[in-house]
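Participant: Dropping a prediction and its sequence here:
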Amino acid sequence: MEDVALIVTALATGATGGALDALKDDVKDKAKTVYAKLHDLVRRRFRGNASAEIILSEHQADPETYAAPLAKKLAEAGARGDTELVATARAFMELVDQASARSGKYSVTIKDSKGIQVGDGNIQVNKF
């Protein structure tokens, strides 16, 4: 994943409270700390750029709408070359991914269905 996309994805994941709330307490605390550091690093990179600061703030409330503008501001601010910022975003996403893998990738409830498939990379042929 490209550096700016990784940062935007990590910020969006942390902004949606459900992603962190689903983690176990031991991982949740660490993830919150890493996310706070990530957000602080981005805020410092944007310091003095009012429009970028506003977009970062708006992204917290609505990550989907502000993903593209945030990516643009990060690219303009030189986030691609910021090894600490990229490493922090990567560390946050790895924590979330590891915790998700431990708790199970899928949570599925199926009732009165035929031909249901859950998982990655499966092939299914149904003949009813």
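Facilitator: Good, I have the coordinates. Numbers count the residues shown, from 1 in each chain.

Participant: Any stretches of the chain with poor pLDDT?
Facilitator: 1, 17-19, 22, 99-109, 120 (pLDDT under 70).

Participant: The same query, at a cut-off of 80, please.
Facilitator: The model of the chain has pLDDT under 80 over residues 1, 16-26, 98-128.

Participant: check contacts around the residue of it positioned farthest from its centre.
Facilitator: Using C-alpha atoms, centre = their mean, the residue of the chain lying farthest from its centre is residue 128. It sits 40.0 Å away. Applying C-beta atoms under 8 Å, 6 or more residues apart in numbering to residue 128 gives the contacts 114-115. C-beta coordinates here come from the backbone N, C-alpha and C atoms, glycine included.

Participant: separation between it and residue 57?
Facilitator: Using C-beta to C-beta, to the nearest Å, residue 128 is found at 52 Å from residue 57.

Participant: ok, now residue 4?
Facilitator: 18 Å.

Participant: Please identify which of the two sits among more neighbours.
Facilitator: For residue 4 versus residue 57, the count of surrounding residues by other C-beta atoms under 10 Å is larger for residue 4: 20 against 12.

Participant: how would you label the more buried one: helix, strand or coil?
Facilitator: helix (DSSP: H, G, I helix; E, B strand; the rest coil).

Participant: That one contacts residue 68, doesn't it?
Facilitator: No: at 10.7 Å, residue 4 and residue 68 do not qualify as touching, with contact defined as C-beta atoms under 8 Å.

Participant: which residues of the chain fall in helices?
Facilitator: Counting by DSSP state H, the chain has these helices, from start to end: 3-15, 17-21, 25-46, 50-61, 63-76, 83-103.

Participant: got the contact list for stretch 12-27?
Facilitator: By C-beta under 8 Å, 6+ apart, stretch 12-27 touches 28, 31-32, 35, 38-39, 59-61, 63-64, 67, 92-93, 95-96, 98-100, 102-103.

Participant: 7 Å instead?
Facilitator: Identification of contacts with stretch 12-27 by C-beta atoms under 7 Å, 6 or more residues apart in numbering yields 28, 31-32, 35, 38, 59-60, 63, 67, 92-93, 95-96, 99.

Participant: Mark which of those are buried, thanks.
Facilitator: For those, a neighbour count by 16 or more other C-beta atoms under 10 Å gives the buried set as 31, 35, 38, 59, 63, 67, 92-93, 95-96, 99.
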